[in-house]
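Enquirer: quick one, structure for this:
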Amino acid sequence: LPSPSGEQSVTHTGPPIVVSLANKVISFGCKITYLYTPKYKSFIVLYYYVDRQNKYSPKKLIDCQPSQGTENQTHTVECQVTPELPDSSATGTYYCSVRWQHITKDGNGTFILVRDSGYREPPQGSQDSLLFGFTSLLTLLSVLGTALLLWKKKQVQVPRKQPVRKCQDPRSASSPKQPPCESIYTSGTLQRRETEVYACIEGEANSPPFSRSPFSQEGLNISEDGEFGLVYENL
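Expert: Coordinates of the predicted model:
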């Protein structure tokens with residue numbers, strides 16, 4: 001707001017930074033506050049910009065007419081500035097400038113970033129190629145996933161083969177030492193042992209039931225002679 005001495009002010013309204021494409025219509029506000037007196041009620045509004053190389057552009061006139069106010073009272077007028085944006089070289093800080101008869105005031109500035117072009121859709125051929133490639137990738141991943149699941153399912157369903165073991169006949173359980181169980185695949189060893197067992201059984205069947213070896217008979221005679229000698233000695 002102006003001071004009691006009649007100082008004027010110019011401020012920008014809207015965002016401080018604006019991004020736009022070239023040749024697009026954008027605008028920002030310029031609020032002018034002054035003391036409504038015959039000395040200040042007439043003015044003109046212009047705009048200019050300072051580019052990124054700190055170069056000033058020529059000032060251009062804005063169609064903004066002062067409105068009616070009350071004498072000796074603070075008055076405010078708001079104007080819209082629509083700058084020309086031909087290409088990216090128009091990027092810079094834009095200022096609103098108000099010129100009275102004896103004084104000129106500039107606003108605080110609005111930065112406008114101008115781009116030559118925005119998003120461009122890829123050609124139709126590229127879109128088709130991307131779509132085909134993406135679809136092929138999804139199909140391949142689906143096939144690989146299905147094959148992996150089937151393989152895992154097959155591994156779970158097939159049991160592991162366990163070797164068949166053949167143990168001893170229960171009738172031989174009374175023997176002090178039992179040979180370990182053998183696999184049925186040792187057919188040669190099994191056949192040889194069966195032959196030995198049959199030969200042993202036949203030998204026992206042919207021998208007399210109470211036959212004694214010469215060593216055992218001789219030991220018995222010696223024992224008997226010793227007993228008779230002991231009896232004779234006592235007598």
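Enquirer: lowest average confidence, helix or strand, in the chain?
Expert: In the chain, the helix or strand scored least confidently by mean pLDDT, DSSP states H and E is helix 214-234, which has a mean of 47.
Enquirer: what is the longest helix along the chain packed up against?
Expert: As assigned by DSSP state H, the longest helix anywhere in the chain is helix 124-157. For helix 124-157, there is no helix or strand it packs on, judged by 3 or more Cβ pairs under 8 Å, 6 or more residues apart in numbering; DSSP states H and E. All C-beta atoms are positioned from the backbone trio N, CA, C, and that covers glycine.
Enquirer: could you pull out the strands for this structure?
Expert: Ranges of strands within the chain are 9-13, 17-21, 28-36, 44-51, 60-62, 73-81, 92-99, 104-106, 110-115, 165-166, 182-183, based on DSSP state E.
Enquirer: what about stretch 52-67, start to end distance?
Expert: End-to-end span of stretch 52-67 (Cα to Cα, to the nearest Å): 35 Å.
Enquirer: show me where this protein dips below the pLDDT cut-off.
Expert: Low-confidence segments of the chain, defined by pLDDT under 70: 1-6, 118-122, 124, 158-235.
Enquirer: look up how far residue 144 lies from residue 100.
Expert: To residue 144, residue 100 is 79 Å away according to Cβ to Cβ, to the nearest Å.
Enquirer: neighbour-wise, which of those two wins?
Expert: A direct count of neighbours by other Cβ atoms under 10 Å for residue 100 and residue 144 places residue 100 higher, at 16 against 10.
Enquirer: against residue 72, how distant is that one?
Expert: For residue 100, the distance to residue 72 (Cβ to Cβ) stands at 16 Å.
Enquirer: repeat for residue 93
Expert: On the measure of Cβ to Cβ, residue 93 and residue 72 end up 35 Å apart.
Enquirer: between the two, point out the one with more neighbours.
Expert: Each of residue 93 and residue 72 has its neighbours counted (other Cβ under 10 Å); residue 93 has more, 17 against 11.
Enquirer: can you report how many residues neighbour the closest residue to that one other than its chain neighbours?
Expert: Spatial nearest neighbour of residue 93, excluding adjacent residues (Cβ to Cβ, 6 or more residues apart in numbering): residue 109 at 4.5 Å. Burial of residue 109 is recorded as 16 neighbouring residues (other Cβ under 10 Å).
Enquirer: distance check, residue 109 against residue 68.
Expert: Noted for residue 109: a distance of 29 Å to residue 68, by Cβ to Cβ.
Enquirer: kindly report the same for residue 115.
Expert: Taken as Cβ to Cβ, the span from residue 115 to residue 68 is 41 Å.
Enquirer: between those two, who's got more neighbours?
Expert: For residue 115 versus residue 68, the count of surrounding residues by other Cβ under 10 Å is larger for residue 115: 14 against 7.
Enquirer: bridged to that one, which residues?
Expert: residue 21 (DSSP bridges).
Enquirer: any idea how far it is from residue 53?
Expert: Distance, residue 115 to residue 53, using Cβ to Cβ: 18 Å.
Enquirer: for the residue nearest to residue 93, give me its contacts.
Expert: 12, 16, 93, 94, 95 (Cβ atoms under 8 Å, 6 or more residues apart in numbering).
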